[in-house]
Structures are given as C-alpha cells and as structure tokens.
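Participant: Quick check, what structure comes out for this input:
(2 chains)
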There are 2 protein chains.
Amino acid sequence: MIYVFTGNGKGKTTAALGQAIRAVGEGKRVLMIQFIKGPWKSGEDESAKLLAPNFKLLKTGKGFVGIMGDTLPREEHVKAAEEGLALAKKEIESGAWDIVILDEINNAVDLGLILKEKVLALLQATHYKLPTIILTGRNAPQDFIDIADLVTEMRDIKHPYEKGIKGKRGLEY
Amino acid sequence: MIYVFTGNGKGKTTAALGQAIRAVGEGKRVLMIQFIKGPWKSGEDESAKLLAPNFKLLKTGKGFVGIMGDTLPREEHVKAAEEGLALAKKEIESGAWDIVILDEINNAVDLGLILKEKVLALLQATHYKLPTIILTGRNAPQDFIDIADLVTEMRDIKHPYEKGIKGKRGLEY
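Facilitator: Prediction:
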C-alpha cells in the first residue's frame, strides 16, 4: 500500500505520525525518515523514544530550503535529500519495517532536490516486498498520486496566520 | 486554540493522534475522548498505554450508528453521546489537560446525537481556561468552523475502495 498525504493544510505529518502510533500499538515496526526538516528538536523526537524500539525517527534534511533565513548552498540541500533517499532505499529493502514514512518527500521533489523518477523507481521495485509507504508533503507530483492506493488532500480552510491577517484588515479598512 | 479536522478523507483522527504524540513528547497532557467509536480494541489503545500517563484515551461511543449491522436503539446512541459530552465538560473544566481531542464529535452532531449548541457552549465557556480542543469527524457544522482557529479539510482524492470499484468498472465496460 502506498499512501499520499498532500495539500496546503495542517495535518499531513501528524496524520502519518498518528498512523505510525496505531501500527506500533498493533506490534508493527514503523520508520519515519524526515526530509527537509532540520536537525532541531521537535515534539516527535521525545515521543519517538517513548514508542521505541518499534518506532524510529531519522532526520536527513538540512532544514527549510530558501526560506526562514536559510543560507545553506543549494547543493548541500540536494546532497542531504539524496542521502535521505539512499537511506530510505536501504531501510525499505532491509525488510525490517512494516511502515516507512517518507516525511515531506513531496516537497523535496517539488523543490527539485530529488528526481521524482528515483522515488518512483523505489515505489515500483518488485524484487522485494514493499512495506506500506507513506509519502507526505505539499505539492505531491501527479505520478505519486497515480501510483498511490490512498490519497488525502489536507486543505487549509482556516489557519491562525490568516486569521491574524484578517483581523488586521478588519482594523485597518 | 480550537482545531477542526473534517472532510471525507482519511487522516482526521490520525492527525489528532499525531498532534497528541507531539504534545506528549513536549511534556504536555493529552486526553482523547472517542465519540461514535465503540468499545472494540484498536491500535491506539495499546499505543495509549505506551504514552501513559500523559496520554489518556476514553471511549464513550456505542459503535457505528445506523450502519455496519448496528441494531442498537437510537436512544442508546444518544445517551452514550450525551454522557461523552458530559465527561468532556468535566475533564475540560478540571484543568488537568493541555489538549482535549473530541474524536468524531462532528459526526455525532451531524447524526443528531448531540446538539451543536451544547458543544458551542462548552467551547465558548469563559469561567475557566480552555485547553486546546481538537474536534474531528466529517461534516463539521459551520458554527464549529466559524469558532475554530484552525480548520483542515481532509479531502478524499483516492481510496482503496474506490480503486477497487474503478478496477471492476474497467473490467466490466
């Protein structure tokens, strides 16, 4: 099974995490590889420890690309993303996992850090049993959607940031 | 903060669960009350134990309403939903939780098991500090969307069930 969680709304990574938690509860082994996200700490790091050893979280990204004060040369991001994909391939082929989450890989492809063909090749491999793979991130390429069994678009209907903007407008106009 | 996860796609409850996991990782206390869902076991039951004591899962529903072989008198479902809401009120007012997830409460309202006015009254209470509240379930009433700070619609783009149907059609026509 291949799942895609995409769209501009909140809930893509958390839905994958929630899926992971359920599976761990059923005795399954889940690996989450975070592309894009940098090495800083987040809530899921500590939770990952609580759910170990059946849940493992690996971070391969170098943080935001081209925004939020990112000053890293683009090649560094590309290198990190490619290393992430190589790691994903190795872990998927190992047969050690029931679910592998490739977190924000859609963005990594959309940003041009990874060729989508490389991801597709991984998803279409036939010489070993694929675990369930969950691809998250906005702007999922159409090829991922075509190949997936389940696709949910997380659509942003309302967001605190927008609310703030609207509030300001309300004051200003 | 009030979050609403709604829509017909997969990922609403799991996004709330993922949010819970992150928060527990940050030392926060999270309560999930499941409306609708029956007392049968699911993956999150075991995971809840792994994340205890900062994560607690309570089930108040009597299972599916009017589908999947449900033969329970409607009043039983209404009673269970009302008890669930009373429990939610008590727990929210207790101040013991940083996040309270009211899982599938949108459906409970949509199915007419709970009056939306009762939920709104709970969300608009001002005589105690509200935790972050996450309302999940399809067909969220517009009033919930209006009052929420963040709303994501999980839109079903592709689902294994549909895929099967399509496959069949492909064979038959």
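Participant: only C-alpha atoms for contact and neighbour calcs from this point on.
Facilitator: OK.
Participant: which residues touch whichever strand or helix holds residue A:77?
Facilitator: Of the helices and strands defined by DSSP states H and E, residue A:77 is found in helix A:74-94. For helix A:74-94, the external contacting residues (Cα atoms under 8 Å, 6 or more residues apart in numbering or on different chains) are A:33, A:35-36, A:60-62, A:65, A:97, A:100, A:102, A:108, A:113-114, A:119, A:122, A:128-131.
Participant: excluding its backbone neighbours, what's nearest the closest residue to chain B within chain A?
Facilitator: As assessed by Cα to the nearest Cα, chain B sits closest to residue A:15 within chain A, at 3.7 Å. Sequence neighbours aside, residue B:15 is the residue nearest to residue A:15 in space, at 3.7 Å (criterion: Cα to Cα, 6 or more residues apart in numbering or on different chains).
Participant: show me what contacts the one you found?
Facilitator: Listed by Cα under 8 Å, 6+ apart, the contact partners of residue B:15 are A:11, A:12, A:13, A:14, A:15, A:16, A:17, A:18, B:5.
Participant: Point to the helix or strand of chain A where mean pLDDT is at its lowest.
Facilitator: Every helix and strand in chain A was compared by mean pLDDT, DSSP states H and E; the lowest is helix A:160-172, with a mean of 50.
Participant: Which of the helices or strands spans the residue of chain A closest to chain B?
Facilitator: helix A:12-25.
Participant: Give me the buried positions along that helix.
Facilitator: For helix A:12-25, burial by neighbour count (16 or more other Cα atoms under 10 Å in any protein chain shown) applies to A:12-25.
Participant: so how far is that helix from its chain's centroid?
Facilitator: Centroid displacement of helix A:12-25 relative to its chain, using Cα atoms, centre = their mean, to the nearest Å, is 12 Å.
Participant: can you check stretch A:83-103 too?
Facilitator: On Cα atoms, centre = their mean, the centre of stretch A:83-103 falls 12 Å from that of its chain.
Participant: Now it: average pLDDT?
Facilitator: Average pLDDT, stretch A:83-103: 96.
Participant: Over to stretch A:42-51?
Facilitator: For stretch A:42-51, the mean per-residue pLDDT is 82.
Participant: relative to helix B:12-25, how tilted is the helix holding residue A:15?
Facilitator: Here helix A:12-25 runs at 80 degrees with respect to helix B:12-25, directions being taken by axes from the mean of the first three to the mean of the last three Cα atoms, to 10 degrees.
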